[in-house]
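**Q** Here is my input, please return the structure:
(2 chains, ligands or ions: 3)
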Amino acid sequence: MTVEELHELADRERERQAGVRHRVLYCSAAGCVSCGSHATRDAFKAAFTRRGLTESEVVGTGCMGLCGQGPLVKIHDDGVLYERVDAGLAHRIVDEHLVEGRPVAEHQLDAASPFFASQVKIVLENCGRIDATRIEEYIAVGGYEALARAVAELKPQEVVEEVRKSGLRGRGGAGYPTGLKWDIARKAPAEQKYVICNADEGDPGAFMDRSVLEGDPHRVLEGMAIAGYAIGASQGYIYVRAEYPLAIERLKLAIRQAERHGVLGSRIFESGFHFRIDLRIGAGAFVCGEETALIRSIQGRRGRPQPRPPYPSERGLFGAPTVINNVETLANIAPILRHGSAWFAALGTPRSPGTKVFALAGKIRRTGLIEVPMGIPLRRIIFEIGGGTPEGTEFKAAQTGGPSGGCIPAEHLDLPVDYEALATVGSIMGSGGLIVMDSTSNMVDVARFFMEFSRDESCGKCAPCRVGTVHMHDLLRKIARGRATADDVALLEELCETVKETSLCGLGQSAPNPVLSTLRFFRAEYDALLGPVEVFTPSNPLARGRGPGGS
Amino acid sequence: MAILTLTIDDQPVSGTETETLLEVARQHGIEIPTLCHLDGLTDVGACRLCLVEIEGASRLQPACTTRLQEGMVVRTNTERLQRYRRTIVEMLASEGNHHCAVCVSNNHCELQDLAYTVGLQYVRVPYLYPAKTLDATHKDFVIDRDRCILCSRCVRVCHEVEGAHTWDIAGRGIGCEIISDLKQPWGQSTTCTSCGKCVLVCPTGALFEKGATVAEMEKRTEFLRYIVNARQRREWNPDLLHEE
Ligand SMILES: Cc1cc2nc3c(=O)[nH]c(=O)nc-3n(C[C@H](O)[C@H](O)[C@H](O)COP(=O)(O)O)c2cc1C
Ligand code: SF4
Ligand code: FES
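**A** Residues are numbered from 1 along each chain as shown, chains lettered A, B, ... in the order given. Ligands and ions are numbered 1, 2, ... in the order given. As a prediction, the model looks like this:
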């Protein structure tokens, strides 16, 4: 395919869509499917037949965001968004809104409400907007333009420079500057290099990456191809967990379509650049999201971390220089090239430009998937976008970073969400899980829950994490059951320090974070559960005072 | 090859960029405790006992896998490192079923020696007393997993030096264990050559020769150096070759 052909295809698809009488978009992501969006789809189809609206279509899209209020439906004609659309409502919408022109007010969502108005969508710009199973729809909204431009007009070095200037940082948790990573891999002298997309998403409760893969898979493929061009790789792998069957299906389809259209494979856009992408399915161990373990897993070996350095960008997959990036990181690449690094750098904060996708969960009124500019205060995410805690309870803490992160208490709610700010309160940005806790949550139990997770997911390679997580968990359980003393807490703190400082990989190094942060901000909850330190007192009055140190 | 100079524990030392901190430290008489490291095997950085402080580095680094860099300033024995090492040995002691007094390797055990070196006198956490298995199906050797500390030396020597890859690790986290072949009894292994290298490199009494009783099982690890030198560097005593 040539660039001209890409544009023609885009025009054709846009014309096709304009020719459709009514376009109804329904959310076909896991959240809405589980509350019945397939029945909603069928009802719309039946209603179209019933009313004789033949040139209309019902289109399944990626996640529309308000997962707690599904099934969600959007009328493409005028942009009206509906919540809780069951089959009956689907018929009403066709009759009243599409035919008679009177939207069904009770179920309409207000696009000007803070939930929508406070968000900025880059990564999720197409989620809920296009049919993820058709490459034409992605191309019609500007897809593969960035790749075409990179290949035709930019030198690999210039692509890296553009990404570096954008200030994009890795969204997989650690926030490492993406441009720098690419530059190291680009400069590494090697015939063969690789690009890996980390789609292992193992944090409990997180579904940001899955939503992107299901709702807009081509965006990730395009980001990977651009990365391949920039560093000189001709092969990419997507490591996706087996628990994401829909994402896998969508990716397979997307890769086939992209190859057929010549935007992946040999001589991309008639240039000398070749790039293939293959899938590798992970068996679901959390530690396989760690980059060195992931690489070994792709090689067919046990997924165990390796000491770094060497970093993958120097010696990675099969010993070759390898760029490994998170799904969300790669999803930002095409927009950066399309709109320019300056545009991206101006979003968010100077240290952490761009946006971040979060999965809102826990004791919050509006749960779902959101994308906000970096630097937005936590308070706005929780109260404006999330609507605060349920009736009658009070906000207590926000947990970010899952088992590697910490709990942020109410007094730090004005903290801007960026990598450094979250680190100052002992948490991390993490991959985007955000769990809200209210006055009914027990913080010792929260710490115990995450430690149980780390214990169960420890790979067992290094001694401090393998054994330390067991003892830390047992101590937390002892405290939670009211059987511990201040000595146990002191021992717990010491173990936290040792495991954090001496473990081999990020799993062990960050496993103590939930304990350390709850001890820092909610120590009173621990203290309230402690019994007195037992001291032996002889019952015989004659013996009293004659022990060691007695008179 | 360029010679690099650096400082370890205030002592100026030198080496080449292919050498590790552990190698040069030992050449200069600076002792760093190790457990998973063994001369002649690939290092995996798993036991974390050899961690050292490097000025300017954000984290502690294992001496066994860290290559020299010009001008490094390294500390191997600070109060903090001593404390961490003691806690790590404490973790290992609590993890298995270690009863020195009745062990085949009593007094010849690297874990026991380490406990003395790091000053571990008391284990503050409860012993885990895991339910581990013993396998005496091999004609010459026994594996008693109660005493295994998962250093993976046996796995590596079998794979890297003998080329048999009989041993591997199954399970994860605290449930990890050393298995032969696909978790068959050792005596039924079709890959084991009965060479006994695994027994010789095992730091504890987990792998031992049949017939050894309390405190009788002494291990030798020097053989590895000779084999590795002969195979990889083709260094051996040429006179021996011509002997009948
Ligand atoms: C235990 C552990 C689990 C991880 N899981 C993931 C994951 O599921 N997805 C991910 O993108 N990164 C994960 N990471 C981070 C990766 O190691 C790596 O830093 C990341 O993929 C780099 O991509 P980025 O620079 O685009 O963030 C994990 C790290 C650790 C230590
Ligand atoms: S820190 Fe935990 S997960 Fe990471 S290598 Fe060590 S044992 Fe494995
Ligand atoms: S000897 Fe270096 S980590 Fe074990």
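
**Q** Neighbours of residue 191, how many?
**A** Since you didn't name a chain, this refers to chain A. 7 (other Cβ atoms under 10 Å in any protein chain shown). (Glycine included, C-beta is placed from N, CA and C.)

**Q** hmm, I had chain B in mind actually
**A** 14.

**Q** what's the distance between it and chain A?
**A** 17 Å (Cβ to the nearest Cβ, to the nearest Å).

**Q** and that residue, helix, strand or coil?
**A** What DSSP: H, G, I helix; E, B strand; the rest coil gives for residue B:191 is coil.

**Q** Residue A:203 too?
**A** Following three-state DSSP, we place residue A:203 in the coil state.

**Q** Kindly report the residues of chain B close to chain A.
**A** Contact residues (Cβ under 8 Å from any Cβ of the partner chain) of chain B with chain A: B:44-48, B:51, B:59-62, B:65, B:83-84, B:87-88, B:91-92, B:94-95, B:124-126, B:128, B:149-150, B:168-169, B:171-176.

**Q** Narrow the residues you listed to those that are buried.
**A** Among those, the ones that count as buried by 16 or more other Cβ atoms under 10 Å in any protein chain shown are B:44-48, B:51, B:60-62, B:65, B:83-84, B:87-88, B:91-92, B:94-95, B:125, B:128, B:149-150, B:168-169, B:172-174, B:176.

**Q** Secondary structure element holding residue A:236?
**A** Per DSSP states H and E, residue A:236 falls inside strand A:235-241.

**Q** Let me see the contact set for the spatially most central residue of chain A.
**A** Against the mean C-alpha coordinate of chain A, by Cα atoms, centre = their mean, the closest residue is residue A:208 at 3.3 Å. Residue A:208 makes contact with A:201, A:327-328, A:357-359, A:369, A:431-432 under the criterion Cβ atoms under 8 Å, 6 or more residues apart in numbering or on different chains.

**Q** Kindly state the pLDDT recorded for it?
**A** What the model reports as pLDDT for residue A:208 is 94.

**Q** and if you look at residue B:89?
**A** For residue B:89, pLDDT reads 98.

**Q** State the number of residues packed around it.
**A** 25.

**Q** And what about it, helix, strand or coil?
**A** Assigned with three-state DSSP, residue B:89 falls in the helix class.

**Q** how close does it sit to residue B:30?
**A** According to Cβ to Cβ, to the nearest Å, residue B:89 and residue B:30 sit 20 Å apart.

**Q** go on, residue A:144?
**A** Distance of residue A:144 to residue B:30, computed by Cβ to Cβ: 58 Å.

**Q** any bit of stretch A:300-312 sitting next to ligand 2?
**A** Yes - using Cβ under 6 Å from any ligand atom, stretch A:300-312 reaches ligand 2 at residue A:305.

**Q** buried residues in that stretch?
**A** So, applying 16+ other Cβ under 10 Å, buried residues of stretch A:300-312: A:302-308, A:311-312.

**Q** now do stretch A:239-249
**A** Using 16+ other Cβ under 10 Å as the test for burial, stretch A:239-249 gives A:239-241, A:244, A:247-248.

**Q** Out of those, which is nearest to ligand 3?
**A** Ligand 3 lies nearest to residue A:239 out of these, by Cβ to the nearest ligand atom, at 26.9 Å.

**Q** Skipping its backbone neighbours, what lies nearest that closest one in space?
**A** The shortest distance from residue A:239 to any non-neighbouring residue, by Cβ to Cβ, 6 or more residues apart in numbering or on different chains, is to residue A:280 (4.9 Å).

**Q** tell me the contacts of that neighbour?
**A** With contact set as Cβ under 8 Å, 6+ apart, residue A:280 has these partners: A:237-240, A:297-298.

**Q** Chain neighbours aside, what residue packs nearest to the closest residue to ligand 3 within the stretch 301-450 of chain A?
**A** Residue nearest to ligand 3 within the stretch 301-450 of chain A: residue A:307 (8.1 Å; Cβ to the nearest ligand atom). Using Cβ to Cβ, 6+ apart and skipping residues adjacent in sequence, the residue nearest residue A:307 is residue B:45, 3.9 Å away.

**Q** three-state assignment of that neighbour?
**A** Criterion first, three-state DSSP; result for residue B:45: coil.

**Q** Report pLDDT for it.
**A** At residue B:45, pLDDT is 97.

**Q** Can you show me the strands along chain B?
**A** Assigned by DSSP state E, the strands in chain B fall at B:3-8, B:11-16, B:51-54, B:61-62, B:73-75, B:134-135, B:141-144, B:167-170, B:177-180, B:207-209.

**Q** Kindly reformat these as CSV containing mean pLDDT.
**A** Conversion of the strands of chain B to CSV gives the following (pLDDT from 0 to 100):
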stretch, mean pLDDT
strand B:3-8, 96
strand B:11-16, 96
strand B:51-54, 98
strand B:61-62, 98
strand B:73-75, 98
strand B:134-135, 98
strand B:141-144, 98
strand B:167-170, 97
strand B:177-180, 98
strand B:207-209, 97
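
**Q** Which one, of these, ends up nearest to residue A:28?
**A** Closest approach to residue A:28 among those (Cβ to Cβ): strand B:167-170, 39.8 Å.

**Q** Could you name the helices and strands sitting against that closest one?
**A** helix B:153-156, strand B:177-180 (3 or more Cβ pairs under 8 Å, 6 or more residues apart in numbering or on different chains; DSSP states H and E).

**Q** Tell me if I am right that residue A:60 is in a helix.
**A** No - read with three-state DSSP, residue A:60 is strand and lies in no helix.

**Q** quick one, what contacts it?
**A** Residue A:60 makes contact with A:25-28, A:37, A:41, A:131-133, according to Cβ under 8 Å, 6+ apart.

**Q** Show me the beta-bridge partners of it.
**A** With DSSP bridges applied, residue A:60 shows beta-bridge pairing to residue A:26.

**Q** For it, give its distance to residue A:37.
**A** Using Cβ to Cβ, we find residue A:60 at a distance of 8 Å from residue A:37.

**Q** Now list whatever residues contact both of those two.
**A** Residues touching both residue A:60 and residue A:37 (Cβ under 8 Å, 6+ apart): A:26-28.

**Q** Which of those has the largest number of neighbours?
**A** Ranked by neighbour count (other Cβ under 10 Å), those have residue A:27 at the top, with 29 neighbours.

**Q** residue boundaries of the strands in the stretch 351-500 of chain A?
**A** For the stretch 351-500 of chain A, strands defined by DSSP state E, counting those that start in this stretch occupy the ranges A:355-362, A:368-373, A:395-400, A:406-409, A:433-438.
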